[in-house]
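Here is my input; please provide its structure:
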Amino acid sequence: MIPGFQERLNSVNPEFGFFEALKTLQVNLGDLCNLHCSHCHINASLRGSKIMGRNIMREIAGFLTQHPGITLDATGGCPEMNPDFRYFSEITLGCSQRRLLRSNLAIMAEPGWEWLPEFCRQHELIIIGSLPCYLEENVDRQRGNGVYQKCIQVLKRLNTLGYGTETELNLVYNPGGAYIPGSEKELETAYKSELLRRHGIRFNNLFTITNAPVGRFKKHLDAEGSYTDYLRLLAERFNPATAGTIMCRTLISVDWQGQVYNCDFNQALGLPVTAKDGRAINISGLQAAWMSDANIRFSDHCYCCTAGEGSSCTGALVQ
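Residues are numbered from 1 along each chain as shown. Below you'll find the predicted structure:
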């Protein structure tokens, strides 16, 4: 039997089950995506229909203006495919010192989207690009045929614009299956060496992220009959040293309708942040229901964030 995550966390320190302070506002602009990745926790695709509109974007910009110092983290799906991505980037310019764009990179090589690299540079967006391996066959197996070459083309273009040197460019590694990432430091060294040697590409940091047993990846695990085994692996590799720095203690996730969650995985599972009376909280009411000392909603999938070196949207928690 796998012990409940909340119970396991409390055994380390009960305080780790409470929200600490808002440092990152992660905004999911929708589930539209040009790719159909096997590990996607929100089942994003070209058929995505959950698309954030301008009214919610304006509320987010207003919130950031009222609370300076918070990092804005734009994700999806493919956030660039939101029809109002340009608008969102423009109205949040100056609202946050750090604005992160989580990109699958390949979108920037698609016909009609070639403007994206220059736009991102002009609007001072830090790019966090998904590249699950530095080997072509591994990337294409997980993300689709031809994706690797598109990513390499885009990374070269980003380098010519100053990304990786003058402007921050980070990459994301996630496993190709039901296992936990190896050492982030060692993987970063290998990525930097191989991408430079093979393609002349430079980047700043590599973030290792453990696959959450949610969405499309969970369906894959269920089809193989390995969901319980994977969950047991995550639980067995629980690292107490990661417990105090799990990202849900300092991050709030916002969905396409403005509803808030403790993380993007909870968003995918429909587990919103709620007020004391049980009502789901919207970005427009987040100030009134300020998060300090609020309970975090946990479930078994949370083990993916505390296994091994730990996992967050900015990589390992301990090394």
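
confidence score at Met247?
The model reports Met247 with a pLDDT of 97.

quick one: the helices in the stretch 201-319 of the chain?
Shown for the stretch 201-319 of the chain, the helices assigned by DSSP state H, counting those that start in this stretch span residues 215-224, 227-236, 264-269.

counting contacts, what elements does the first one pack onto?
I take that to be helix 215-224. If contacts are counted by 3 or more CB pairs under 8 Å, 6 or more residues apart in numbering; DSSP states H and E, helix 215-224 sits against helix 227-236. Every C-beta, even on glycine, is put in place using the N, C-alpha and C of the backbone.

Off-centre distance for the helix it packs on?
The chain centre lies 21 Å from the centre of helix 227-236; the measure is CA atoms, centre = their mean, to the nearest Å.

List the contacts of that helix.
Under the criterion CB atoms under 8 Å, 6 or more residues apart in numbering, residues 2-3, 8, 178-180, 210, 213, 218, 221, 300, 303-304, 306-307 lie in contact with helix 227-236.

give me that answer again for 6 Å
For helix 227-236, the surrounding residues in contact (CB atoms under 6 Å, 6 or more residues apart in numbering) are 2, 178, 213, 221, 300, 303-304, 307.

and what of stretch 311-319?
184-185, 207-210, 241-242, 245, 247, 304-305, 309-310.

Report the buried members of the residues you listed.
Buried by 16 or more other CB atoms under 10 Å: 184, 207-210, 242, 245, 247, 304-305, 309-310, out of these.

just to revisit the earlier point, would you list the contacts of stretch 311-319 in a markdown table and tack on distance to Gly258?
Formatted as a markdown table, those follow (distance: CB to CB, whole Å):
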| residue | distance to Gly258 |
| --- | --- |
| Glu184 | 33 |
| Lys185 | 38 |
| Phe207 | 27 |
| Thr208 | 31 |
| Ile209 | 25 |
| Thr210 | 28 |
| Ala241 | 35 |
| Thr242 | 30 |
| Thr245 | 27 |
| Met247 | 21 |
| Cys304 | 26 |
| Cys305 | 25 |
| Glu309 | 33 |
| Gly310 | 29 |
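
Keep only those of these that are in strands.
207-208 (DSSP state E).

Out of the contacts of stretch 311-319, flag the one nearest to Cys78.
Ile209 (16.8 Å; CB to CB).

what residues are up against Ile60?
Per CB under 6 Å, 6+ apart, neighbours of Ile60: 27, 283.

quick revisit: next, format the contacts of helix 227-236 as TSV and append pLDDT and distance to Arg141.
Output for those, formatted as TSV (pLDDT from 0 to 100; distance: CB to CB, whole Å):
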residue	pLDDT	distance to Arg141
Ile2	89	29
Ala178	93	14
Pro213	95	19
Leu221	94	17
Asp300	94	27
Tyr303	98	25
Cys304	97	21
Ala307	98	23
